[in-house]
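how would this look folded up:
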Amino acid sequence: MPPNPVSHARTRTAATTSPERPPTRTATLWYKRASRWRSDVSSEHTEPAAARLVVISSGVSDPSTTRMLAERIAQAAIDHIRRSGGQATVSFIDLAPIAADIARSIVIGTPTEPVQKAIEQVAAADALIVSTPTYKAGISGLFKSFIDVLDNDLIVATPTILAATAGTARHAMVVDEQLRSLFAFLRALPVPTSLFAAPEDWADPALGKRINRAAAELAQLVRLGARDAIANAGWDGYNHQFDGNATRADRTANDVDFDTDLMRLAAGGR
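Okay, here's the model as predicted:
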């Protein structure tokens, strides 16, 4: 009997994403998320859509410890998702190559093509991992500039792992003091465990344990479909930009709900 091609595809995928191998720029795993399985399976046994994990790294050096931390987190996250029994895709957005475009987008008020492509990746993400270096006791200006070009409703309820690196442990609170408040403003859904790595942390097993815990938290939020459940339940209560980049954005007159207090006021109270 000829070998099962699906079985062989799964074997090759597992081999290329084992913990002993370094994470790649784009990793694809077979993964079934329970919440999507229940809603997506049809009479033809259609495979569920893969969860989309997007990693944003604002490291500028080569090699970059910020990127290295993001890769470790991504590998741990896909390992946990894989244990859930389904599939996921992982892609990276490195901000350094598009730094000039980010600055130009802020100045002209319109995203350039590379920035728009990155925004669309973020909008489509089922979960995010963000990693930034620390400069002058604060998060990277490049990272903050990219966040500034995002629509305010782009990542509502998106499960997110927050991470930062620095040259000293004295900056360990930058994640909770700056990143967590920033993503609270964007109404994202950061996991409880924050991640920070100073030079001495890389050889400390405690960093791996924290990464594993944060990855497990993210995997559970993804598996439960928290992003769609929360956003769908309260979407009309958030402020939105017409024809924005959010996947649920109103793009035509037919999408707009005119039967609201604000719209009735705009129409003269009728």
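
Please report how far Arg213 lies from Leu207.
11 Å (C-beta to C-beta, to the nearest Å). (Glycine included, C-beta is placed from N, CA and C.)

between the two, which one's more packed in?
A count of neighbours by other C-beta atoms under 10 Å puts Leu207 above the other of Arg213 and Leu207, at 18 against 15.

Name the SS class of the more buried one, please.
Recorded secondary structure, Leu207: helix (DSSP: H, G, I helix; E, B strand; the rest coil).

If I look at it, what pLDDT would I see?
In this model, Leu207 is scored at 97, pLDDT.

Am I right that Val156 sits in a strand?
No - with three-state DSSP as the criterion, Val156 is located in coil rather than a strand.

Correct me if wrong: it contacts Phe185.
No - contact between Val156 and Phe185 fails when scored by C-beta atoms under 8 Å: they sit 11.2 Å apart.

so where do the strands sit in this protein?
Under the criterion DSSP state E, strands of the chain are mapped to 27-29, 51-57, 88-94, 127-135, 138-139, 159-165, 189-190, 195-197.

Mind giving me the packing neighbours of the third one?
Going back to what we said before, that points to strand 88-94. Contacts defined by 3 or more C-beta pairs under 8 Å, 6 or more residues apart in numbering; DSSP states H and E place strand 88-94 against strand 27-29, strand 51-57, helix 65-83, helix 113-123.

So which elements touch the second one?
Just to be clear, that refers to strand 51-57. Strand 51-57 is packed against helix 65-83, strand 88-94, helix 113-123, strand 127-135, with contacts defined by 3+ C-beta pairs under 8 Å, 6+ apart.
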